[in-house]
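Chemist: Test case, fold it:
(chains A and B)
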Amino acid sequence: KQEVTQIPAALSVPEGENLVLNCSFTDSAIYNLQWFRQDPGKGLTSLLLIQSSQREQTSGRLNASLDKSSGRSTLYIAASQPGDSATYLCAVGNDYKLSFGAGTTVTVRA
Amino acid sequence: NAGVTQTPKFQVLKTGQSMTLQCAQDMNHEYMSWYRQDPGMGLRLIHYSVGAGITDQGEVPNGYNVSRSTTEDFPLRLLSAAPSQTSVYFCASSYSRGGAGNTIYFGEGSWLTVV
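Modeler: Numbering: from 1, shown residues only, chains lettered A, B, ... in the order given. Take a look at the predicted model:
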């Protein structure tokens, strides 16, 4: 069974600092890895999707890396802003489902 | 474009009652799924469907039923509510199988409390 872990569970940084969020998974036989953002009381919004054959994906200030052999992914958010405050979840995809981590709750202080 | 719409947003049930959480998508997606989110545990898959008339169990299916009579709708039925089913429920849809590499779209969630 795939186990997905996100450390730390919570993170607080001053505005402008770069954010580094970690995700680890136990089974390297994955189709892809996705990073989501969840705002309080809201659903999940897909941020980045990395296929198993890829090493990284970038979108604006966001960059996600994937190392299948070590079972790790890292989400980097450059020059954080208060609007980046949210919970970030990673999810590993197999054939028909996503296995989610519990998330990292980020607070960016103005 | 509404995306994925879930109703109701909030519901309180008594133990033993039954109810249906509604989910509709307007993107003509074949794949739809239901997850529940509990504190500290991430999202867990309850049931999923790969097309109209086809459903299958996920990780935590006990106590829930689903059906898929149309491409647009995928209701989740709680047969006899239990306090352990207190959770936030999310419906999701995507063009193809949820783990196979297409962007997955989530509804805004349904908060269910069973007392």
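
Chemist: And the strands in chain B?
Modeler: For chain B, the strands defined by DSSP state E occupy B:4-7, B:10-13, B:19-25, B:31-38, B:42-51, B:54-57, B:64-66, B:76-78, B:87-94, B:104-106, B:110-114.

Chemist: elements contacting the fourth one?
Modeler: Using 3 or more CB pairs under 8 Å, 6 or more residues apart in numbering or on different chains; DSSP states H and E as the contact definition, the elements that strand B:31-38 packs against are strand B:19-25, strand B:42-51, strand B:87-94. All C-beta atoms are positioned from the backbone trio N, CA, C, and that covers glycine.

Chemist: The ones you listed: which one's closest to chain A?
Modeler: strand B:42-51 (3.6 Å; CB to the nearest CB).

Chemist: That closest one and chain A in contact?
Modeler: Yes - shown here: strand B:42-51 in contact with chain A (CB under 8 Å from any CB of the partner chain) through B:42-45, B:48, B:50.

Chemist: What is the nearest of these to B:V60?
Modeler: Nearest to B:V60 among these is B:R44, at 5.0 Å by CB to CB.

Chemist: residues from chain A in reach of chain B?
Modeler: Residues of chain A lying near chain B (CB under 8 Å from any CB): A:4, A:9, A:31-32, A:34, A:36, A:41-46, A:49, A:51, A:89, A:91-103.

Chemist: Filter these down to just the ones in strands.
Modeler: A:4, A:32, A:34, A:36, A:44-46, A:49, A:51, A:89, A:91-93, A:98-100.

Chemist: now those: which count as buried?
Modeler: Among those, those buried by neighbour count (16 or more other CB atoms under 10 Å in any protein chain shown) are A:4, A:32, A:34, A:36, A:44, A:46, A:49, A:89, A:91-93, A:98-100.

Chemist: Tell me what B:Q11 is bridged to.
Modeler: Beta-bridge partners for B:Q11, by DSSP bridges, are B:L112.

Chemist: how much space between it and chain A?
Modeler: To chain A, B:Q11 is 15 Å away according to CB to the nearest CB, to the nearest Å.

Chemist: Quick one: residues contacting that residue.
Modeler: B:19, B:21, B:110-113 (CB atoms under 8 Å, 6 or more residues apart in numbering or on different chains).

Chemist: Could I get these in CSV, plus columns for neighbour count and pLDDT?
Modeler: Output for those, formatted as CSV (neighbours: other CB atoms under 10 Å in any protein chain shown; pLDDT from 0 to 100):
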residue, neighbour count, pLDDT
B:M19, 14, 97
B:L21, 22, 98
B:S110, 22, 97
B:W111, 15, 96
B:L112, 20, 97
B:T113, 13, 97
